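In: below are the sequence and a predicted model; questions follow.
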Amino acid sequence: MISFRSNTRLYLALASKAYARNIQYRSSHLLHNFASAAFGYLYACIWIGLGRDHSLGEYGTHGMMQYITFTQTSLWVASFTTVGLGIPQSVRTGQISLDLMRPVHLFPHLMAKEWGQIAYQFLYKSIPIYLVMLLALGLTPVDGGRTLPIALLALAGSAYMGICMGYMIGVSALWTTESSWLHWSNQALMNLLAGFFIPLQWLPVWLQQIAWASPYPFMLYAPTQFYLGKGNPLNLLGTLAWCIVLTICCLLLTRVMRRKVEVQGG
């Protein structure tokens, strides 16, 4: 019990420090917010133009504007995590051997720090971008905001899956001198298979099947559907299942990583 409490305090301290480190640069990060909101607004304008000649299916023009607003907002929580959770840099400097020697497990250690950054990005990036896009597009929260709690719950699961995937990408740095290509490949798949570019039901059937066999739809599409009031409660079970699977993968990869460092004499 004492060990659990001390570890909990440690993880909270790590998250707090990561949050405090980011908050010192909140003024400079306003540029990120402006660029992200501007991109989302231009993307919405494209769909507004398309909506003049097409019905846009079950969404309609208004629904697509709401869709884009939430997906653009969610990227800062579900997708824009630290590259490899900092593991590639630790591998290059040799710090990874010391990190693995710490009396706490590497995965929750790095995850705690990433949660601090995600909390910062949610408060200082996601929320401002959401409000700016609502104002710019003349929108109000769907159903008066009553769909937000379940959408945010699904988004919390998305953030955790993003952390797990970032960790696995970081671990690959022990086998390759350059792992950034995995990070950018993950970003590309996120944009396509998570429904950022277009809703998943508008993709070809074969591509929809590939998407739903991966965790990506649960990272962006599912939370957005909940926000729009169209979500299937079973998707929360899918999110939970993928969180469990990815956690197991991260723990197994950590064991393999320890052996890899020992074999190399680290």
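Out: Okay, I see it. Please read these numbers as outputs of a predicted model, since none were measured by experiment. Numbering: from 1, shown residues only.

In: any idea how far Ala211 lies from Ile169?
Out: The spacing between Ala211 and Ile169, counted by C-beta to C-beta, to the nearest Å, is 19 Å. C-betas here are computed from N, CA, C, even on glycine.

In: then Asn22?
Out: 21 Å.

In: between these two, point out the one with more neighbours.
Out: It is Ile169, of Asn22 and Ile169, that has more neighbours when counted by other C-beta atoms under 10 Å, with 23 against 19.

In: surely the more buried one meets Glu178?
Out: No. Ile169 is beyond contact range of Glu178, at 11.7 Å (criterion: C-beta atoms under 8 Å).

In: chain center to the longest helix along the chain, what's the gap?
Out: The longest helix of the chain (DSSP state H) is helix 234-263. Helix 234-263 sits 16 Å away from the centroid of its parent chain (C-alpha atoms, centre = their mean, to the nearest Å).

In: residues in contact with the closest residue to Tyr59 other than its chain neighbours?
Out: Distance criterion C-beta to C-beta, 6 or more residues apart in numbering; nearest residue to Tyr59, sequence neighbours excluded, is Tyr67 at 6.2 Å. Counting by C-beta atoms under 8 Å, 6 or more residues apart in numbering, Tyr67 makes contact with Tyr59, Pro199, Thr224, Leu228.

In: can you pick the most crowded of those residues?
Out: In terms of neighbours by other C-beta under 10 Å, the contacts of Tyr67 top out with Thr224 at 26 neighbours.

In: neighbouring contacts of the helix or strand encompassing Leu110?
Out: Per DSSP states H and E, Leu110 falls inside helix 106-121. By C-beta under 8 Å, 6+ apart, the residues outside helix 106-121 that reach it are 7, 10-12, 14-23, 26, 76-77, 80-82, 85-87, 99-100, 102, 159, 163, 166-167, 170, 250-251, 254, 257.

In: name the helix or strand for the residue nearest to Tyr59, please.
Out: helix 60-78.

In: got the contact list for the most centrally placed residue in the chain?
Out: Centroid check for the chain by C-alpha atoms, centre = their mean gives Ala78 as the closest residue, at 1.5 Å. Contacts were defined as C-beta under 8 Å, 6+ apart; by that measure Ala78 touches Leu155, Ser158, Ala159, Met161, Gly162, Met190, Ala194, Met219, Leu220, Pro223.

In: now with 7 Å?
Out: Applying C-beta atoms under 7 Å, 6 or more residues apart in numbering to Ala78 gives the contacts Leu155, Ser158, Ala159, Gly162, Met219, Leu220.

In: number of nearby residues for the first one?
Out: Here the neighbour count serves as a burial measure; for Leu155 (other C-beta under 10 Å) it reads 26.

In: okay, the angle between the helix or strand hosting it and helix 60-78?
Out: Taking DSSP H and E as the definition, one finds Leu155 inside helix 148-171. Interaxial angle, helix 148-171 versus helix 60-78 (axes from the mean of the first three to the mean of the last three C-alpha atoms, to 10 degrees): 50 degrees.
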